[in-house]
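Peer 1: The sequence and its predicted three-dimensional model are supplied below.
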Amino acid sequence: MNKKKSVLIVEDDQFISKAFKETFEAEGFVVKVAFNGEEALSILRKFMPDIILLDLVMPVKNGFEVLKDVKRQDKLSKIPIIVATNLGEEQYIVKAKEMGANDYILKSELSLSDLVKKVKLRLGI
Amino acid sequence: MFSWERISRNIHLNILFLTLVIITPVIIFIFYLNLTQLKRAEEIEIDRLSNTANLISTSYIQVVEGARQLLITLSVSGQIQEINCSEYLAGLLSKYQRYSNISYANLNGEVLCSGVPLVKDVNVSERLFFKSTISDKDFSVGEYSIGPVTGKPIITFGFPYENEQGQLQGVVYASIDLNWLSNLTKNFEVDDKVQVLVLDWKGRILANYPDQTRMLGQTFPDISDSGIKETSGVDGIERIYAFEKIGTLKDGPIVAVGMTEVEIYKDSNKEFNKSIIISLLIAFLSSIFGFWMGSLILKRIVAELEKIQELRRSFVSLVSHQLRTPLTGIKYLSEILISQSIGKLNSKQTEFTKNIESAANRLIFMVRTLLDISKLELEKPKLDLEKVNLSEVFKQEKDNINQLFKKSKLGFKFLNKKKVVVYADVKLMRQAVSILLTNAAKYSHPGTTVFIDIRREEKICSVRVINTGIPIDSNDLILIFDKFFRGKGAQQKNEEGSGLGLYLCKLIVEAHGGNITVSQKNNGETTFIFSLPMV
């Protein structure tokens, strides 16, 4: 039997993070949720997810800082990161990709089912 | 649409123009002042010439008067009738060195006495001074001649000699050495640039300054009694001459004082050129300073405006993010409910939840549209230009909204099969095409066909989207591309809409350097035409 895939959801909006958690759990993922960047990095010290869904605008530590920290650590740098945000400006897309994000999605423009498809595609399942 | 580059360029041009507008009349005024000064300088110089001519003429009167006095004294002294009159005249000659000879001739012109010894018989009956003295019985002056006795260039003055009964016996006459006369002009201390001439009545040169003995006896071509005349001298050089007659003698000598135009204008021209150069330099420096100051002010204004623009950009970005986030929550949670993964919904619950999702999607769409509009309105958008096959864009966007076409059983047809490729921002172009096709699908009569006509017309590409449906009120046609405008037909049909679509479409087309219009036929056939440059 295949090992369950795990996802770390870094999202400060409670409704969205709840929706993500519900959806990915229903899809059979192990889901960990962080409400800000600091929390995410703290989880990552103990838990190695298969993929990270990362919001950008968050309190305490924003998504770019998380991206920078994760990509700096050899142990974590291989984890694929999908930036899931509502910032649609080209400058943020370019910046995130330059910092090592594997994908960039505008949450409001994508359905949950399409998001799941993207994640599965990225994980090769 | 704002373009700071364009505004900045225009303001720079305006500053330059304003500077020139201010400076030009100043330069013209300075030029005018200098020209007036130049004219005045000319008048002063000409006055100076006249005064010099007058002054010199006055000095020569004394020479003439001296000769007259001498001859009067001689005619009354009776010495002329004496045997040794020649000795007497020789004595006078040594006393008055300006004269080259003093003589007496009888009525036949035969010289009877001469201060300079005669080596042959001399007759002066044909000489002007002799003839004039005989005919006028008065003091008279001759003309330039070479003295028959002395062989020197001379001018001769004559006076009638009468006996005690008042009968005319002959003429006493004195000849002035012209070399002496020319030397006399030196005493006037006139400028070297000024030519002073003493002319006889025929214009022959009796004295010449500063060349002195040069040109003596030559005829001045264009003589005048008095006044100012611009003419060529004996040397062929054009000068402005002031003429003045010496005394009131008939056929008396004339003084001519001349100066070339170059010399007249030399100093004032120098001044004129100097002040023009200074004026131009001041004008140039003022222009540079004005332009620099203007540019400095402009830079500050532009920097302030850019700051404001940046603030607006950040604000729009923040607002759209903050609006999207709760909407995304509604959208996602609705989606989960509709999927029934967390529990079954009855049909009404499903319908209402779908309504919630649809409303959230509409709001998200509106936020996206407003964001796009504000980007296009705020600044000259940076377009990612690439080759775009327009018919492909139409096909793909039609597929995206195929549900709308199916719902009204609408046909979709290209009127032109030719492939037309333009340089455009494909994302924006898709948006514009999607708006036009969605509108056509929403407002067409069921069962009709939406026609697309894409053509290349010389330097532009024109695209027509033709549909037949709810007519647009003729008053609405000119307002249809305005922000938030919704036509009466659209409102009556109760179609969802924000009144932003066609406005955004217009902004997109204009950002590509094109334009968009709408026309309508009586049968309800509506045509949206947009053109794009074929770059």
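Peer 2: Structure received. Computed from a predicted structure; not experimentally measured.

Peer 1: Secondary structure class of residue 53, three-state.
Peer 2: Since no chain was named, I'll use chain A. strand (DSSP: H, G, I helix; E, B strand; the rest coil).

Peer 1: that's the other chain; I wanted chain B
Peer 2: Taken by three-state DSSP, the conformation at B:Ala53 corresponds to helix.

Peer 1: and what of B:Ala105?
Peer 2: On the basis of three-state DSSP, B:Ala105 is classed as strand.

Peer 1: Quick one: neighbours of it, just the number.
Peer 2: For B:Ala105, the tally of surrounding residues (other C-beta atoms under 10 Å in any protein chain shown) stands at 25. Backbone N, C-alpha and C define where each C-beta goes, glycine included.

Peer 1: my read: B:Val367 touches B:Arg324, true?
Peer 2: Yes: counting by C-beta atoms under 8 Å, B:Val367 does reach B:Arg324; the two are 5.8 Å apart.

Peer 1: Which pLDDT does the model give the closest residue to chain B within chain A?
Peer 2: Residue nearest to chain B within chain A (C-beta to the nearest C-beta): A:Phe15, separated by 3.1 Å. With respect to pLDDT, A:Phe15 has a value of 95.

Peer 1: That one belongs to a helix?
Peer 2: Yes: under three-state DSSP, A:Phe15 sits within a helix.

Peer 1: Identify the residues contacting the closest residue to it other than its chain neighbours.
Peer 2: Sequence neighbours aside, B:Gly329 is the residue nearest to A:Phe15 in space, at 3.1 Å (criterion: C-beta to C-beta, 6 or more residues apart in numbering or on different chains). Taking C-beta atoms under 8 Å, 6 or more residues apart in numbering or on different chains, we find B:Gly329 in contact with A:Asp13, A:Gln14, A:Phe15, A:Ile16, A:Ala19.

Peer 1: Figure out the helix or strand that B:Gly329 lives in.
Peer 2: helix B:261-339 (DSSP states H and E).

Peer 1: How much space separates the residue nearest to B:Val367 when sequence neighbours are not counted from B:Ile401?
Peer 2: Take B:Val367 and drop its neighbours on the chain: the residue closest to it by C-beta to C-beta, 6+ apart is B:Leu323, 4.9 Å away. Distance of B:Leu323 to B:Ile401, given as C-beta to C-beta, to the nearest Å: 24 Å.

Peer 1: Output the contacting helices and strands for the helix or strand harbouring A:Phe20.
Peer 2: When elements are assigned from DSSP H and E, A:Phe20 belongs to helix A:14-26. If contacts are counted by 3 or more C-beta pairs under 8 Å, 6 or more residues apart in numbering or on different chains; DSSP states H and E, helix A:14-26 sits against strand A:6-10, strand A:30-34, helix A:112-123, helix B:261-339.

Peer 1: Turn these into a markdown table, columns for mean pLDDT and distance to A:Lys75.
Peer 2: Below are the helices and strands packed on helix A:14-26 laid out as a markdown table (pLDDT from 0 to 100; distance: least, C-beta to C-beta, whole Å):
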| stretch | mean pLDDT | distance to A:Lys75 |
| --- | --- | --- |
| strand A:6-10 | 96 | 14 |
| strand A:30-34 | 96 | 16 |
| helix A:112-123 | 94 | 19 |
| helix B:261-339 | 85 | 32 |
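
Peer 1: May I see the ones you listed arranged in TSV, with distance to B:Ala511 as well?
Peer 2: Output for those, formatted as TSV (distance: least, C-beta to C-beta, whole Å):
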stretch	distance to B:Ala511
strand A:6-10	36
strand A:30-34	41
helix A:112-123	29
helix B:261-339	16
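
Peer 1: most neighbours per residue, which of these?
Peer 2: Mean neighbours per residue, mean count of other C-beta atoms under 10 Å in any protein chain shown, is largest over the helices and strands packed on helix A:14-26 for strand A:6-10, with a mean of 24.

Peer 1: Distance of the closest residue to chain A within chain B relative to A:Ser108?
Peer 2: Residue nearest to chain A within chain B: B:Gly329 (3.1 Å; C-beta to the nearest C-beta). Distance from B:Gly329 to A:Ser108, counting by C-beta to C-beta: 10 Å.

Peer 1: swap in B:Val257?
Peer 2: Applying C-beta to C-beta, the value for B:Val257 to A:Ser108 is 101 Å.

Peer 1: domains of chain B?
Peer 2: B:48-259, B:382-533 (automatic domain parsing).

Peer 1: Now distance to chain A too, for those, in JSON lines please.
Peer 2: Output for the domains of chain B, formatted as JSON lines (distance: least, C-beta to the nearest C-beta, whole Å):
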{"stretch": "domain B:48-259", "distance to chain A": "79"}
{"stretch": "domain B:382-533", "distance to chain A": "8"}
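
Peer 1: and the ones you listed, which one is worst for confidence?
Peer 2: domain B:48-259 (a mean of 85).

Peer 1: tell me the contacts of the most centrally placed residue in chain A?
Peer 2: Geometric centre of chain A, nearest residue: A:Leu53, 1.1 Å, by C-alpha atoms, centre = their mean. Counting by C-beta under 8 Å, 6+ apart, A:Leu53 touches A:Val7, A:Leu8, A:Ile9, A:Val10, A:Glu11, A:Phe20, A:Ile82, A:Ala84, A:Val119.

Peer 1: Could you dump the residues you listed into CSV and include distance to B:Ile146?
Peer 2: Listed next are those as CSV, based on distance: C-beta to C-beta, whole Å:
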residue, distance to B:Ile146
A:Val7, 134
A:Leu8, 132
A:Ile9, 132
A:Val10, 128
A:Glu11, 129
A:Phe20, 133
A:Ile82, 125
A:Ala84, 125
A:Val119, 131
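
Peer 1: for those, which one is nearest B:Ile80?
Peer 2: Nearest to B:Ile80 among these, counting by C-beta to C-beta, is A:Ala84 at 142.4 Å.

Peer 1: Can you verify the closest one is assigned to a helix?
Peer 2: No: assigned with three-state DSSP, A:Ala84 falls outside any helix and is strand.

Peer 1: Now do the same contact list for it.
Peer 2: Neighbour list for A:Ala84: A:Glu11, A:Leu53, A:Leu54, A:Asp55, A:Ile105, A:Lys107, A:Leu115 [criterion: C-beta under 8 Å, 6+ apart].

Peer 1: show me where pLDDT drops low in chain A?
Peer 2: Along chain A, segments meeting pLDDT under 70 span A:1-2.

Peer 1: who in it is up against chain B?
Peer 2: A:13-16, A:18-20, A:22-23, A:26, A:57, A:85-89, A:106-109, A:111-113 (C-beta under 8 Å from any C-beta of the partner chain).

Peer 1: Only whichever of those residues are buried, select them in PyMOL.
Peer 2: Buried residues among the residues of chain A next to chain B (16 or more other C-beta atoms under 10 Å in any protein chain shown), as a PyMOL selection:
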select buried, chain A and resi 13+15+16+18+19+20+22+23+57+85+86+87+88+89+106+107+108+109+112
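
Peer 1: What sits closest to residue 16 if chain neighbours are left out?
Peer 2: Using chain A here. A:Ile16's closest residue in space is B:Gly329 (C-beta to C-beta, 6+ apart), at 5.2 Å.

Peer 1: Not quite, go with chain B.
Peer 2: B:Phe291 (6.1 Å).

Peer 1: Pretty sure the one you found sits against B:Thr19.
Peer 2: Yes: contact status for B:Phe291 versus B:Thr19: in contact at 6.0 Å, counting by C-beta under 8 Å.

Peer 1: which residues in chain B form helices?
Peer 2: B:4-77, B:85-95, B:128-136, B:178-186, B:261-339, B:347-378, B:390-400, B:402-407, B:426-443, B:488-492, B:501-511 (DSSP state H).
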